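Peer 1: give me a model of this one.
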Amino acid sequence: MLDTLRETGLYDDTIIVYFSDHGEMLGRHGRWHKEAFYEDSARVPFIIRHPRKKLPAVVKNPVSLLDLLPTLCDFAGVEPPPNLDGRSLLPLLRGEAVPDRPIKVEEYSYWDRGDWSVSGNRMARLGPWKLSYYGAFDSFELFNLDDDPEETRDLAAERADIVARLKPLIFDDGWHKDVHHDINARLNTVGFWKNQREFAAALRKDPLPVDAPEYWRGMANAPTRLAE
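Peer 2: Numbering: from 1, shown residues only. Predicted structure coming up:
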C-alpha cells in the first residue's frame, strides 16, 4: 500500500493510520482467543503518520479506537458528526496536557461457561486502573497497570474503594450483562446470524482450523440458539 501511495504521488498528501480491532491471548493467562480484557487482547497498535505534521513519538495516555474518526475530522478541519463517544487526539498529539478520561470496552463471549451460552463482559480503564467485569461469573478483576503491567495480581478484593469508584463507569449508562439479547435481536433483523451460521458451517469443512475444531463446531451451532 505504501509503495502504491508513493508510485501514485499520494504519499505526501495522505494521513496513514495503522491499527487493529483487537489482540489475541495466544496462551497468555491460560486463554487463547480474544475474549478477555488483559492487555494482550485489549491493547492494540494505533500509529498515525501525518505528511505535514510532526507528531510525538509516543502518547502514553490511554486512548480508544472511537477517537479515530474525530481525530481524522480534526486533521481535515471539518466538524465531526454529533454524539460521538470518542474525542480528537490532536491535543495529545500536539503535546498538550489532557485530563484522564475513562476508556470502556465491551465484548460478548461464547465459551466462558463452557456451554456456548453467551455472556456480556465490560471493562473500564481510568489512569493506571483497569476494572473488568465478567457477566458469566458476575465478578470483577482489578489491576494497576503501572505497578503490574503483566496483570498477575488481581486487586479487586483488597481495593474495594477503587472497585466502587470504577464500577459506575461499567453500569451507570444502562449497560447490563444480558444486553446482548437486545443486540442479537437487532442483528437478526438484518440477517447477521443467518450469514454467521453459513460462514461457520463452511469453515467446518475447511481443513485449516484444525487447531480448534471445537471452536468452529460451536460457532456453527451457537448462533442458532442465540437467534432463537
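Peer 1: only C-alpha atoms for contact and neighbour calcs from this point on.
Peer 2: Fine.
Peer 1: phi, psi of residue 120?
Peer 2: The phi/psi pair for residue 120 (degrees, to the nearest 10) reads phi -90, psi 140.
Peer 1: how close does it get to residue 1?
Peer 2: In this view, residue 120 and residue 1 are 37 Å apart by CA to CA, to the nearest Å.
Peer 1: out of the two, which sits in the busier spot?
Peer 2: Neighbour comparison, residue 120 and residue 1: the larger count goes to residue 120, with 21 against 7 (by other CA atoms under 10 Å).
Peer 1: burial measure for residue 131, as a count.
Peer 2: Counted with other CA under 10 Å, residue 131 comes out at 26.
Peer 1: partner residues bridging it?
Peer 2: Beta-bridge pairing for residue 131 (DSSP bridges): residue 124, residue 142.
Peer 1: straight-line length of stretch 88-96, end to end?
Peer 2: End-to-end distance of stretch 88-96 (CA to CA): 12 Å.
Peer 1: mind checking the pLDDT average for that stretch?
Peer 2: Average pLDDT, stretch 88-96: 89.
Peer 1: can you list the buried residues in that stretch?
Peer 2: 88, 89, 90, 92, 93 (16 or more other CA atoms under 10 Å).
Peer 1: OK, contacts around the closest residue to the third one other than its chain neighbours?
Peer 2: In space, residue 90 comes closest to residue 71 once its chain neighbours are excluded; the distance is 6.2 Å by CA to CA, 6 or more residues apart in numbering. Contact partners of residue 71, counting by CA atoms under 8 Å, 6 or more residues apart in numbering, are 87, 88, 89, 90.
Peer 1: surely residue 29 is within a helix?
Peer 2: Yes - under DSSP: H, G, I helix; E, B strand; the rest coil, residue 29 sits within a helix.
Peer 1: per-residue confidence for it?
Peer 2: pLDDT, residue 29: 81.
Peer 1: try residue 62
Peer 2: 89.
Peer 1: burial of it, as a residue count?
Peer 2: By the criterion of other CA under 10 Å, residue 62 has 14 neighbours.
Peer 1: quick one, what contacts it?
Peer 2: By CA under 8 Å, 6+ apart, the contact list for residue 62 reads 103, 125, 127.
Peer 1: as CSV, the residues you listed with pLDDT would be great.
Peer 2: Shown next, in CSV, are the contacts of residue 62 (pLDDT from 0 to 100):
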residue, pLDDT
103, 90
125, 94
127, 92
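Peer 1: ok, so of the residues you listed, who is nearest residue 192?
Peer 2: Ranked by distance to residue 192 (CA to CA), these are led by residue 103 at 27.7 Å.
Peer 1: element containing the residue nearest to residue 90?
Peer 2: Taking DSSP states H and E as the definition, one finds residue 71 inside helix 68-76.
Peer 1: in CSV, list the C-alpha atoms belonging to that helix.
Peer 2: Output of helix 68-76 as CSV, limited to C-alpha atoms (Å, rounded to 0.1, in the frame of the first residue of the first chain):
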residue,chain,number,x,y,z
LEU,A,68,-10.1,7.7,15.3
LEU,A,69,-13.0,9.4,13.4
PRO,A,70,-13.0,12.7,15.4
THR,A,71,-9.2,12.8,15.1
LEU,A,72,-9.3,12.5,11.3
CYS,A,73,-12.1,15.1,11.2
ASP,A,74,-9.8,17.4,13.2
PHE,A,75,-6.9,16.8,10.8
ALA,A,76,-9.2,17.6,7.9
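Peer 1: now that helix: buried residues?
Peer 2: Under the neighbour-count criterion of 16+ other CA under 10 Å, helix 68-76 has 68, 69, 70, 71, 72, 74 buried.
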